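Trainee: Okay, structure incoming, though there's no sequence with it:
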C-alpha cells in the first residue's frame, strides 16, 4: 500500500479545568468538560486511529511499525516522537513541571516533555504562568508549607498568535480563559505541585508530586529564563501568503503558514522525516506528490504527511491558518 497523508479521529480527554467551546469542532457532545483533544498521538495513553483512505482503522503505532520509513523516519523515540493537542482551559490547570529525558527514562519508563503552546484564542486579560523566583529547593519546600507558592510564580499575558516554549524542568501552568494548540514530545509525565486549593465533592484534592518536582526543577536565574513569547522569523511573504518559523528546538520545529484570498503555495518536504500540518483556522485542500484529489483541511485537523513525499501544495478556500511541525 502506498503511504499518503492521513488524518486521525480526535481523542477527547475529560478534565476538571476543561470546557465546551471546542466540542463542535471535534464532534463531541455531553455535559462533561473536555480539556484536551489529542489529535495526533502514538503514546500508549491515547493512540490515534486513522479516519481517511485505505489505512482507516489503523493506529499510528500500526503505521510506524508497517511503514517506518514513511511515518517514523529518524525518530529519537521508538514510537512517533511528537504529540499534538488542542487545549481548552476554563479554569486554571495545576502548577506543574515535566522531567527531561534522562530523569523520565530512569524513573518513569517514559520520555521527557518539552512543549510549545500556540494561542488560538483567549479571554480579555488572560495569562499563563511560566517560571518562578524560587532560589533553592529549601525555599520551594518552605513556600509550599506556608502556602505561599503563588508569590513566587511568574505570570505572562497572552495574545492570539503568540507561541510560548516551555522546556522540560520549567514550572508552568496554562490558566483560565485560554485555548491553545500544544506541540510536545510524546510523553505523559506530569508532576503537580499546586492545584489552586481545588477539592472534589468529598473534600479531596488532586494528587501532588512534591518530591519528584523538587528533583527536576530549576532554581535561581535559570528558572526565570523561559516564558516570553517567541519572535517569528520570516521565511517567505507574498501578497496572499506569509510563511514564518515560530520555533526551532532540539525536539521539534514549528512554522506558521497563513494563506488568504483563496491562494495556494507549494512546500518542499521536511527532509525525509514525516511532518504534521495542523489546521488552526479556516479550510482548504492539500495535494501531495500528484494525488488526483485534494485532501480537505478543516479546523482541528492534524495531517501526518509521510516522509516519502517530496513536496505538496496547500490551497485556501478563502483563508487558512496552518501550523507545520517536524523533527
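Mentor: Ah, there it is. Note that the structure is predicted; figures quoted are calculated from it, not measured.

Trainee: Which residues are in contact with the residue lying closest to residue 218 once chain neighbours are set aside?
Mentor: Of all residues not flanking residue 218 in the chain, residue 169 sits nearest, at 5.1 Å (C-beta to C-beta, 6 or more residues apart in numbering). All C-beta spots, glycine's among them, are computed from the backbone N, C-alpha and C. Shown in contact with residue 169 (C-beta atoms under 8 Å, 6 or more residues apart in numbering): 97, 98, 99, 100, 216, 217, 218.

Trainee: can you rerun that using 10 Å?
Mentor: Residues near residue 169 by C-beta atoms under 10 Å, 6 or more residues apart in numbering: 97-100, 103, 112-114, 213, 215-218, 222-223, 226.

Trainee: Residue 42 now?
Mentor: 48, 59-64, 71-72, 75, 77-83, 186.

Trainee: Could you rerun that using 6 Å?
Mentor: If you count contacts by C-beta atoms under 6 Å, 6 or more residues apart in numbering, residue 42 has them with 60, 61, 79, 80, 186.

Trainee: can you pull the contacts of the last one?
Mentor: If you count contacts by C-beta under 6 Å, 6+ apart, residue 186 has them with 42, 43, 81, 82, 83.

Trainee: Pick out the most distant pair among the contacts of residue 42.
Mentor: Using C-beta to C-beta, the contacts of residue 42 span at most 11.1 Å, a distance reached by 61 and 186.

Trainee: Quick check: bridge partners of residue 84?
Mentor: Going by DSSP bridges, residue 84 is paired in beta bridges with residue 40, residue 183.

Trainee: Within its local environment, how many residues does it see?
Mentor: 22 (other C-beta atoms under 10 Å).

Trainee: what's the spacing between residue 228 and residue 165?
Mentor: 9 Å (C-beta to C-beta, to the nearest Å).

Trainee: ok, those two, which is more surrounded?
Mentor: More neighbours surround residue 165 than the other of residue 228 and residue 165, with 21 against 12 (other C-beta under 10 Å).

Trainee: Looks like residue 265 contacts residue 240 (just checking).
Mentor: No. Checked against C-beta atoms under 6 Å, the pair residue 265 and residue 240 is beyond contact range at 8.7 Å.

Trainee: Would you mark the buried spots in the longest helix anywhere in the chain?
Mentor: Of all the segments of type helix in the chain, defined by DSSP state H, the longest one is helix 137-145. Within helix 137-145, the residues scored as buried using 16 or more other C-beta atoms under 10 Å are 139, 140, 143, 144.

Trainee: can you map out the strands along the stretch 101-250 of the chain?
Mentor: 115-122, 127-132, 153-157, 163-166, 172-174, 178-185, 191-194, 233-237, 241-248 (DSSP state E, counting those that start in this stretch).

Trainee: Now the element after the last one, going C-ward?
Mentor: Spelled out, it's strand 241-248. Once the chain leaves strand 241-248, the next helix or strand it forms, by DSSP states H and E, is strand 253-259.

Trainee: now that following strand against strand 241-248, angle please.
Mentor: 160 degrees (axes from the mean of the first three to the mean of the last three C-alpha atoms, to 10 degrees).
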